[in-house]
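Asker: Sequence first, predicted coordinates after that:
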Amino acid sequence: MKRNILNIIWASMLTMSLTNCNDFLDATSPGTVDREFVFSDEESARDALYYGYETLRANRSLHSVGFFWHPVWGSDIEDSQDLYDPGTAGISEKWFYPNGTSNYNIDSGEGTEVFTELYKTIAVANSLITSFEALDNFQEIMEGEPNTMSDLYGQAMALRATCYWELCRWYGDVPHVLEAGQKVEGLVSRYAIYDYHIRKLIEVEPHMFRPGEGSTRADVMNRSYVQGLIGRLCLYDGGYATRRTDLGADFHVDGEGNVLSFDDWSIEKDGAVYGRRTDWKDLYEIAKVYLQACVDNPGSVVLHTTDPRTKDQNGREYGNPYQYTFQQMHAGDNVTLADESVYEIPQEYNYSSDRPAYIGRPSTGGNGQAPCVACGQDRIQAHFYYGWFDNNDMRRDVSVTVTGSNGQGQELIQSFDRSAWGKGCGPGTNKYDWNRLPSPNTQSYGTSGINVSYMRISDVYLMLAEVYAALGEEGNAKQYLQIVHNRAFPDNNDPNFEKYISDCGSVYNAVIKERALEFSGEGVRRFDIIRTGILPEVAVADRRIMKAIIDGVRDKGYYEFENGNQIPAYIWTKMVDAKTEYGYRLTTQTPVGKQDDPVLFPGWRGQHDDWGSIVPAFADQNMTNVAIKGLFKYIAPGSEEAKSLEAEGYVQTNWAIDMLKYEEDYATKLFAGYTDEDYAAKNPPIHLIPNTYQVLLNSGITNGYGFRQQ
C-alpha cells in the first residue's frame with residue numbers, strides 16, 4: 001500500500017481532531033474527519049478510507065507480534081520457543097495464567113497497545129460512516145446495484161466490524177463506540193456488539209463489489225470478505241467463550257436488548273463461566289446463508305486444486321497448490337495478491353512486514369546476513385507434526401519445517417534444545433520464509449514485504465462445512481470439507497477420505513481437525529478450540545500426549561504414532577552442496593519416488609539459490625543444505641544402519657532426546673494454568689486479556705475474571 005505521503009497528510013488532518021492523542025481514551029474518540037473535505041470528491045473519500053486501512057496494517061501487534069503470539073503460541077498444535085516461566089507475561093497469558101489471574105501484572109502484557117490502536121481505527125471508520133450517512137443523497141447511494149460510494153461506505157462498515165471482532169475475541173466485553181467523537185467508555189456485552197455488526201454488514205453487503213468487479217481487489221474489504229466476516233462473527237457470537245458474571249444478571253443481552261440465556265459447560269469461578277448462548281443455531285443459520293453466498297460467487301477469488309507451476313528452469317518440481325498460495329504472498333512486488341485471499345493486508349517490499357521475523361521459518365542470522373534474523377517465535381508441537389498429518393498430505397512440509405537458516409546461507413536443523421534461541425525448540429512454521437522472496441532485503445528483520453492473508457477462501461469453505469455439520473446437514477458439510485481436504489493430496493484426491501471422517505468420529509470433528517491442518521501457524525487453532533467448546537479437553541490431552549512422547553523417547557529411544565511415524569531420539573545429518581548436485585538450493589515438493597532422498601525430503605526447505613548475489617560475503621558458500629536420515633523412522637545408535645550412514649559422512653544429531661532436558665517446558669507444564677484438576681472440576685478457562693490500569697482509569701471500565709484493577 002504505497003500511500004505513505006497520503007497517510008501522512010491524513011494523519012495530520014486527523015491530529016487536528018485528536019485530544020490528547022497519546023492517552024486518547026480519556027477524551028473523545030479520535031479521527032473526526034471534516035465532512036466537506038471528505039466528500040468534495042470520490043477520491044478524497046477513498047483516501048480517507050485508505051488511512052483507516054493503514055492504521056490496521058500498522059497495528060503490527062495485532063497480526064504479527066504481541067497479541068498475535070497468543071494463538072500461535074498457545075494451542076494444542078502450536079507452542080512457544082520460550083522456557084516455562086509463569087512470571088513472564090508471554091507464558092502467563094498463553095498458558096492460561098499459571099499463577100492465577102489475581103497475581104498477574106496487568107501492565108506487563110505484550111501488545112497492550114492493540115486495544116487503543118484498534119479504537120483509533122474505529123474512530124476513522126466512525127468518522128467516515130457518520131459523514132456518509134449525513135449526505136443529502138445517502139439513501140439514493142444505497143439503493144439498487146453497487147456503486148463506488150456505496151462500496152466505500154460498506155468498506156468503512158467492514159473495517160469497523162473487523163476491529164470489534166478483534167476486540168471481543170481478545171477482551172470479551174468492551175466499549176462500543178459508534179459515533180464520531182464519542183468517548184470510549186463503558187462496557188457493552190460482546191453478544192450485543194456482535195449482533196449489531198452482523199446486522200449492519202447484512203445491510204451493506206448487497207451494495208459492495210466483489211474482488212474482480214471493476215478495480216476491486218482483495219486488498220480492500222470487499223463483498224466476499226463481508227460475507228465471510230458475517231459468517232465469522234456468527235461463529236464467534238454463537239460459540240463458546242468465558243464470560244463475566246459479575247456485571248449483573250441482565251448485562252449479557254442480544255442486539256435487541258433481550259437478556260440472553262446460556263448453555264454452560266463450566267461451573268462459575270472468579271466471576272466467570274464458560275458456555276454459549278442457547279440461540280446459537282439462529283446465528284449459524286445466518287452464517288450459512290452468507291458463507292454459501294461467498295462460496296457460490298467469490299468474485300475473482302479461487303481455491304486452487306492444482307498448482308499452475310510445473311518445473312522451473314533449474315529443474316525444480318512443484319505440484320502443490322496449497323504452497324502456491326503462500327508463495328504468492330512472497331511476491332515482493334506489493335502488487336500481487338494470493339488468489340485464495342478474500343482479504344489480504346499488503347506489506348511494502350523491503351519496507352514492512354514482520355513475517356518471518358516473528359512468525360515463520362527461523363534464522364539465527366543478524367541484520368545484514370543471509371538471511372537476516374528471524375526468531376520465528378512460534379513452534380509446532382511434535383505430536384502435530386508427526387501424528388496428525390496423513391503422510392500423503394502435502395500441507396505438512398509447507399506448514400512445518402525441521403530446518404531453519406544460520407544467517408550464512410546455510411540450512412540449520414531446528415533442534416529441541418529449548419535454550420537455543422532461533423535454532424531450537426523443535427519444528428517451526430514454514431509458511432513464511434526469507435529464502436522464498438525473489439530478492440530479500442537483509443538490512444532489517446522487519447522488511448520482508450510478505451503479505452498477511454486475513455481471510456482465505458479455504459476458511460470460508462471450512463466455516464461453511466462447520467455450520468452445516470453443526471446444524472445436522474452432514475451431506476453438505478462433507479461436500480465442502482472434501483474440497484479443501486482433497487486439494488492437499490496428490491491428484492486432488494484422498495482415497496481414504498471416508499476413513500478420515502470415521503477416524504475423527506464425526507463429520508463435525510473432521511471439519512474442526514481439518515481447520516487445524518489447514519491453518520497451523522496462522523493463529524487460528526487457539527480460537528477454534530475456544531469457540532467450539534473443546535478447550536478444556538484438548539488442554540489436558542495435549543499435556544498427556546507430549547508426556548507420552550517424552551516417556552517413549554526416554555524408554556525406547558523413540559515414540560510411535562498411530563500413523564506409523566516414529567519420532568526418534570537422534571537423527572543423522574550432513575551438509576551437502578545442493579546447487580552442484582541438484583541445480584538448486586531451495587527445494588520444493590518432494591518429487592514422486594524421491595521420499596528417500598535426504599535432501600529433497602522433507603520438502604520446501606533448503607536455502608535461497610543465490611545468497612551470494614545479495615550478500616557477497618557468502619558467494620563462495622557451497623555446503624548449503626542439510627541431508628537428513630531417520631527423521632520419521634528410528635535408527636538405533638551403533639546399529640549397522642547407523643554405522644553405514646556414518647561411513648557416508650553423516651553425523652548422529654540430537655533430536656527428540658533434547659526434550660528430556662526440558663520436560664517441564666514441552667509437557668508437564670504445558671497450559672499450566674488449566675490443570676487436570678480444573679478440567680475435572682469443570683472450572684472455566686481464562687483465555688481473555690486484561691486491560692491495563694491506564695485504560696481502566698481513562699475509560700471507566702473494569703477488569704473481570706479475577707484480574708487486578710490496578
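Answerer: That came through fine.
Asker: What is the burial count for residue 70?
Answerer: Residue 70 sits with 21 neighbouring residues when counted by other Cβ atoms under 10 Å. C-beta coordinates here come from the backbone N, C-alpha and C atoms, glycine included.
Asker: gap between it and residue 686?
Answerer: Distance, residue 70 to residue 686, by Cβ to Cβ, to the nearest Å: 12 Å.
Asker: Which neighbours do these two have in common?
Answerer: Between them, residue 70 and residue 686 share no contacting residue under Cβ atoms under 8 Å, 6 or more residues apart in numbering.
Asker: quick one: contacts for residue 74?
Answerer: Counting by Cβ under 8 Å, 6+ apart, residue 74 has contacts 80, 93, 94, 95, 526, 671.
Asker: Walking through the stretch 251-400 of the chain, point out its helices one by one.
Answerer: Taking DSSP state H, counting those that start in this stretch, the helices of the stretch 251-400 of the chain run over residues 280-296, 321-329, 382-383, 395-399.
Asker: who does the helix or strand that contains residue 57 touch, helix- and strand-wise?
Answerer: Using DSSP states H and E, residue 57 sits within helix 42-58. Counting contacts by 3 or more Cβ pairs under 8 Å, 6 or more residues apart in numbering; DSSP states H and E, helix 42-58 is packed against helix 4-15, helix 35-38, helix 114-133, helix 148-171.
Asker: any chance of those helices in TSV, plus mean pLDDT and distance to residue 285?
Answerer: Output for the helices and strands packed on helix 42-58, formatted as TSV (pLDDT from 0 to 100; distance: least, Cβ to Cβ, whole Å):
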stretch	mean pLDDT	distance to residue 285
helix 4-15	41	40
helix 35-38	48	37
helix 114-133	95	27
helix 148-171	97	19
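Asker: Would you mind putting the ones you listed into CSV with distance to residue 319 and mean neighbour count alongside?
Answerer: Converted to CSV, the helices and strands packed on helix 42-58 look like this (distance: least, Cβ to Cβ, whole Å; neighbours: other Cβ atoms under 10 Å):
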stretch, distance to residue 319, mean neighbour count
helix 4-15, 39, 14
helix 35-38, 49, 14
helix 114-133, 40, 24
helix 148-171, 35, 23
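Asker: Distance to residue 476 added to these, as JSON lines?
Answerer: Compiled in JSON lines, the helices and strands packed on helix 42-58 are given as follows (distance: least, Cβ to Cβ, whole Å):
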{"stretch": "helix 4-15", "distance to residue 476": "44"}
{"stretch": "helix 35-38", "distance to residue 476": "44"}
{"stretch": "helix 114-133", "distance to residue 476": "35"}
{"stretch": "helix 148-171", "distance to residue 476": "25"}
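Asker: count of neighbours near residue 391?
Answerer: Residues near residue 391, counting by other Cβ under 10 Å: 10.
Asker: From residue 495, how far out is it?
Answerer: 13 Å.
Asker: Low-confidence ranges, this structure, go.
Answerer: Scanning the chain for pLDDT under 70 picks out 1-41.
Asker: What's the separation between the residue sitting furthest away from the middle of it and residue 646?
Answerer: Going by Cα atoms, centre = their mean, the residue of the chain most distant from its centre is residue 640, 44.3 Å out. Here the criterion is Cβ to Cβ. By it, residue 640 lies 11 Å from residue 646.
Asker: What of residue 467?
Answerer: Computed as Cβ to Cβ, the residue 467 to residue 646 distance reads 55 Å.
Asker: Compare those two (neighbour count), which wins?
Answerer: A direct count of neighbours by other Cβ under 10 Å for residue 467 and residue 646 places residue 467 higher, at 28 against 15.
Asker: Next SSE downstream of the helix or strand where residue 555 lies?
Answerer: Using DSSP H and E, residue 555 sits in helix 535-556. Toward the C-terminal end, the helix or strand that comes next after helix 535-556 (DSSP H and E) is strand 558-560.
Asker: for that next one, the distance to its chain's centre please.
Answerer: Here strand 558-560 is found 30 Å from its chain centre; the criterion is Cα atoms, centre = their mean, to the nearest Å.
Asker: Sheet partners, orientation included, of that strand?
Answerer: Here strand 558-560 has these sheet partners by DSSP bridges: strand 566-568 (antiparallel).
Asker: Pull the contacting residues for residue 590.
Answerer: Residue 590 neighbours (Cβ under 8 Å, 6+ apart): 397, 597, 600, 601, 602, 603.
Asker: swap that for residue 511, please
Answerer: 462, 465, 466, 469, 477, 481.
Asker: how about a cut-off of 6 Å?
Answerer: Shown in contact with residue 511 (Cβ atoms under 6 Å, 6 or more residues apart in numbering): 465, 466, 469, 481.
Asker: buried sites along the helix or strand where the last one lies?
Answerer: In the assignment (DSSP H and E), residue 481 maps to helix 474-486. With burial defined by 16 or more other Cβ atoms under 10 Å, the residues of helix 474-486 counted as buried are 474, 476, 477, 478, 480, 481, 482, 483, 484, 485, 486.
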